[in-house]
Every structure is written in C-alpha cells, then in structure tokens.
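1. structure, please.
(one chain, ligands or ions: 3)
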Amino acid sequence: MSKFPNVPKIQYEGRSSKNPFAFKHYNPQETVFGKTMEEHLRFAVAYWHTFNASGADPFGVGTAVRSWDSLSPLDRSKARVEANFEFLEKMNVNFYCFHDADIAPEGATLAETNKNLDVIVAMLKDYQKSTGKRLLWNTVNMFSNPRYVHGASTSNNADVFAYAAASVKKGLEIGKELGAENYVFWGGREGYESLLNTDLKLEQDNLARFLHMAVDYAKEIGFDAQFLIEPKPKEPTKHQYDYDAATALAFLQSYDLKDKFKLNLEANHATLAGHTFEHELRTARINGILGSIDANQGDLLLGWDTDEFPTDLVSTTLAMFEVLKNDGLGRGGINFDAKVRRSSFEDEDLFFAHIAGMDTFARGLKAAAKLIDERVLDEIVENRYRSFQEGIGADIVSGKATLKSLEAYALQAKPIKMSRAASSSSNLL
Ligand code: XLS
Ligand code: NI
Ligand code: NI
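-> Residues are numbered from 1 along each chain as shown. Ligands and ions are numbered 1, 2, ... in the order given. From the prediction side, this is the model:
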C-alpha cells in the first residue's frame, strides 16, 4: 500500500512550471561537461531526517504526522523501509543513507539488536534488488544511547569501546551485504567537555586504534567501500575531535590513516566551525580527500546545526565548483542531511523540501560549470600569482631559492611599491 498516495512522481518541468510537485532545474538526463546531472549529483535521502524524525525540539514533542506512527516498533521499521523506496522512486533519487538505529529498533541486548537489524537488512536488500536503488553510505549511531555519554571509541570506559566496536563490526557487515558505496564515521560524542578530567592523548590514540580495527575488518570481509570521516566542531559535545577538515586531515596523517579515509563534508558543520562550506571542500580537495557531501545549510542567526535544506545558490555554486574541480565525488554523493522545519509536518513537505534542495544543487552545478568554462575565477587567480611563473618566483616554486639567494635578490631589487603591478606580480614586470 502506498505511503504517499497524494504525491505523484516528480518530473522535470522546467523553470516556468508552477507545479509544486515538479523539478524546475534538476533535469536528470541533461548533460553538463559530458556527464548527466544524475551522474554528477548522485543525490541521497537521509533516512533519519526523512523517515524517523518527528519534529521534536527541546521545547516540544514531535509534530510530524506519519502513517507508520501507531505501529509496533518492528512493524514501524518495516513500514519505513516501504516508505523509503517509494520516496526514492517518486523523488527520482538513486541513493539513501542510514544509521543502524534508524532502520531497526534497538533490542535489550546486542544480540537482539543484531537480530532486528538482520530482519530489516534482508528487506532492504530485496527492495534494492527490485528497485535498483542503492546505499550511498551507512554508519552506526554511537551517540544516542546513554552508554555513549562519555563517547564511544573515546570513552573512558573500555566496555563502551568494546560495545561500539561490536556495533561497527555489524555495521561493516551490513554495508557489505547491501553493497554500500561508502561507510561513514561521525563522532558526535568523540570529544570532551573538560580537559581537567580528560586524557586527550589516550582518547585520540583509541580513536585511531578503533579506525584501524575497522579498516582491517573491512578488508578481512571484503567490504571495499570508501571510508569517510565527517568533521563537526561541536554539538552534541563541546569540543569534537574531528573539528573540521584540516583537523581531521592532521589526525589521519598522524595516525597513518590518510590513504584509508576521505571526508564527508557537511555545510552546516563548516559554518559551525567558523568556515564557509567551500573552505572545507577546498581544503579536502587540494589534499586529495574530498569524498562526499552532506548537503544542508545553517542559519547564520542561529548557533547550532539547524540542518536546513539547501536553498542558497551562491553556496551550492561554490560547492559544485569544488566538486567539478575534483573531477566529481567518485563513490561519494550528495546526501541531504537536512530536515523539514517543525511547522512542515505533512508528508508532502518532505517532497517539497527535497525538490528545493535538488533544484538548488542543479542550478549550482550549471553555474559552476559556466564559471569554469568561461575561466572567470581561474583567470583572476592565475593572474594574481603570475609572479611565481618566472624569475625569482619560479625559483621559489621549484625549490631552487634559499634564504641567501632571496636576500641577494631583495637587496638589489627595486623597493616594493603599492602599485597595481606590485599587488598582482613581481616588481620585475
Ligand atoms: C550530525 C551529523 C550526522 C551524520 C551521520 O550532525 O551530520 O547526521 O551525518 O552520523
Ligand atoms: Ni551529517
Ligand atoms: Ni549535521
């Protein structure tokens, strides 16, 4: 039985369409730089925001009205599987993402939880087969259950570390079973509240040990997904270890994990860290670790992770600029880690929100392609650094220059004047 009987299949109707159930810009088969929009964008639906979230906030209970609300836990999970695949079909989205806790109820014991997962994973697998829809990534929720109060792999309690490890083992097996393209680690409670009671070194060493174990086990079972770390500076923990792209990169390098991981970058996490989204994407790209995107946007007037659907064209243009310059996201994609507002409590709102996000990224893709095609920014940047293409600049870049040779040069050079020439190139020009 249909979960969304009032919603038709969303089609591309072009920018003049007034149909709220239509794409105005996302035209899956339209090609940009020789690839279809569908291939460029690889959209995914986030299970937790779309099928689990209720609209609850710290001041009030949920508002969402869903047909599966009244069912018993396991039946509710099954209904959500049906809803997921109907939603993907109607939205024309090929991928989805989930935490273990999103898809099946947690049991009283680890064994019971795993049994519930097995039931739902078998169902997901059947649906994937019959619909052709795929899992962009899965992950394990190591932040909601009270046992993770002090973190998971960075907990002070070794039993918690062990439990988290067992859950990730299962998560990797599920990823393999469902052919996940990627596997994500987001450390919501991997961080600290006070340094006075924290062994920072042990916690970070343990986090690295944990990740190495995961890499080893994936190899052992032949699960070849791309592993991703999702940085976030804070919330729920005051200071999270994977603070931002640069911090995650340093961590991966220090612990000999860089060739095993890429980053899953989220727009609202970037702004929480005091960066723009494109700053995070650029940092990852130039270091070869841009893996995937969690698409959303924050509210600059609010200091937390509001996870709004992306509607800012400038931001999606600059994001897609990085993606195009990266030659695409490879096995990654664009996952809408975004939720409808509490006042948008009807099923239809889930569709409207995704349409807005997909259209905004489609426009961003086209605008970014135009920027690259017309060399708008490339030309400015090349000109700006022209002084490094010849003479002393070329010596610096090639590694030929030393402090001594540069001193000799500076002593004989004309004084640097604040002229247009001095700001764009060396005073030799
Ligand atoms: C929370 C994170 C989370 C990850 C997956 O802020 O964005 O949803 O994407 O655990
Ligand atoms: Ni996220
Ligand atoms: Ni988030």
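
2. going forward, measure contacts and count neighbours with C-alpha atoms only.
-> OK.

3. who's in contact with the helix or strand where L252 lies?
-> Following DSSP states H and E, one finds L252 within helix 245-254. Contacting residues not belonging to helix 245-254 are listed as I229, P231, Y241, D242, K258, F261, L263, L265, E280, T283, A284 [C-alpha atoms under 8 Å, 6 or more residues apart in numbering].

4. and what of stretch 105-113?
-> With C-alpha under 8 Å, 6+ apart as the contact definition, stretch 105-113 has outside contacts at P73, L74, S77, A104, N114, N116, L117.

5. ok, back up a step: which one of the contacts of helix 245-254 sits closest to L300?
-> Of all these, L300 sits closest to E280, with 17.0 Å by C-alpha to C-alpha.

6. right, and that closest one touches N268 too?
-> No. E280 lies out of contact with N268 (C-alpha atoms under 8 Å); the separation is 10.8 Å.

7. ok, those two, which is more surrounded?
-> Using other C-alpha atoms under 10 Å as the criterion, E280 and N268 rank with N268 on top: 28 against 25.

8. got the contact list for the more buried one?
-> Listed by C-alpha under 8 Å, 6+ apart, the contact partners of N268 are F277, N296, Q297, G298, D305, T306, D307.

9. pull the most distant pair out of those residues.
-> Greatest spacing in the contacts of N268, by C-alpha to C-alpha: F277 and T306 (14.7 Å).

10. more neighbours, those two?
-> The neighbour comparison of F277 against T306 (other C-alpha under 10 Å) goes to F277, with 24 against 18.

11. show me how to select, in ChimeraX, the buried members of the contacts of helix 245-254.
-> Selection of buried members from the contacts of helix 245-254 for ChimeraX, criterion 16 or more other C-alpha atoms under 10 Å:
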select :229,231,241,242,258,261,263,265,280,283,284
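
12. tell me the secondary structure for V45?
-> The three-state label given to V45 by DSSP: H, G, I helix; E, B strand; the rest coil is strand.

13. count of neighbours near K201?
-> K201: 9 neighbours (other C-alpha under 10 Å).

14. do you know how far it is from Y192?
-> Distance of K201 to Y192, computed by C-alpha to C-alpha, to the nearest Å: 12 Å.

15. next: K400.
-> Plainly put, K400 is 45 Å away from Y192 if you go by C-alpha to C-alpha.

16. burial count for D57?
-> So D57, with other C-alpha under 10 Å, has 10 neighbours.

17. starting at the chain centroid, how far to the helix or strand containing E86?
-> Assigned by DSSP H and E, E86 belongs to helix 73-91. Between the centre of helix 73-91 and the centre of its chain there are 22 Å (C-alpha atoms, centre = their mean, to the nearest Å).

18. quick check: next helix or strand after it?
-> The C-terminal neighbour of helix 73-91 among helices and strands, as given by DSSP H and E, is strand 95-99.

19. name the SS class of L136, please.
-> Three-state assignment for L136 (three-state DSSP): strand.

20. out of the contacts of helix 245-254, which is nearest to T311?
-> L265 (17.2 Å).

21. helix, strand, or coil at the closest one?
-> Using three-state DSSP, the structure places L265 in strand.

22. that one touches Q297, doesn't it?
-> No. L265 is beyond contact range of Q297, at 11.8 Å (criterion: C-alpha under 8 Å).

23. contact partners for S54?
-> V61, G62, T63, A64, V65.

24. please repeat the previous calculation with a cut-off of 7 Å.
-> Listed by C-alpha atoms under 7 Å, 6 or more residues apart in numbering, the contact set of S54 reads G62, T63, A64.

25. repeat that for F361.
-> Neighbour list for F361: T316 [criterion: C-alpha under 7 Å, 6+ apart].

26. now do the phi/psi pair for it.
-> The phi/psi pair for F361 (degrees, to the nearest 10) reads phi -70, psi -30.

27. pull the residues that contact the helix holding E86.
-> Identification of contacts with helix 73-91 by C-alpha under 7 Å, 6+ apart yields 3, 8-10, 51, 68-69, 94, 103-105, 120, 124.

28. for stretch 44-52, same thing?
-> Residues outside stretch 44-52 that contact it (C-alpha under 7 Å, 6+ apart) are 80, 93-98, 102, 136, 333-339, 350.

29. for stretch 27-42, buried residues please.
-> Under the neighbour-count criterion of 16+ other C-alpha under 10 Å, stretch 27-42 has N27, P28, M37, E38, E39, H40, L41, R42 buried.

30. residue ranges of the strands in this structure, please?
-> Using DSSP state E, the strands of the chain run over residues 11-12, 22-23, 31-32, 35-36, 43-46, 95-99, 134-139, 182-185, 191-192, 226-229, 239-240, 261-266, 290-294, 334-336.

31. can you give the strand pairings for the last one, parallel or anti for each?
-> I take that to be strand 334-336. Sheet pairing here is set by DSSP bridges, and for strand 334-336 it gives strand 43-46 (parallel), strand 290-294 (parallel).

32. kindly report the same for the fourth one.
-> In its sheet, strand 35-36 lies beside strand 31-32 (antiparallel), with partners assigned from DSSP bridges.

33. got it, and the second one?
-> Strands adjacent to strand 22-23 in the sheet, as given by DSSP bridges, are strand 11-12 (parallel).

34. what is the mean pLDDT for the strand it pairs with?
-> When pLDDT is averaged along strand 11-12, the result is 98.

35. cool, stretch 298-306 as well?
-> 92.

36. out of the helices and strands in the chain, which is least certain?
-> Across the helices and strands of the chain, mean pLDDT, DSSP states H and E gives its lowest value to helix 420-424, namely a mean of 56.

37. circling back to that earlier point, let's see if you can find the most crowded of the contacts of S54.
-> The most crowded member of the contacts of S54, judged by other C-alpha under 10 Å, is A64 (20 neighbours).

38. surely that residue touches E346?
-> Yes. If you go by C-alpha atoms under 7 Å, A64 and E346 touch, sitting 6.2 Å apart.

39. for E346, give its distance to D337.
-> In terms of C-alpha to C-alpha, E346 sits 19 Å off from D337.

40. so for those two, which sits in the more crowded spot?
-> Set side by side, E346 and D337 show more neighbours around D337, with 25 against 14, by other C-alpha under 10 Å.

41. what's near enough to touch the more buried one?
-> Contacts of D337 by C-alpha under 7 Å, 6+ apart are A46, D294, A295, N296, D307.

42. for the last one, which non-adjacent residue is closest in space?
-> Pointing back at D307 there. The shortest distance from D307 to any non-neighbouring residue, by C-alpha to C-alpha, 6 or more residues apart in numbering, is to A338 (4.6 Å).

43. okay then, goodbye and thanks.
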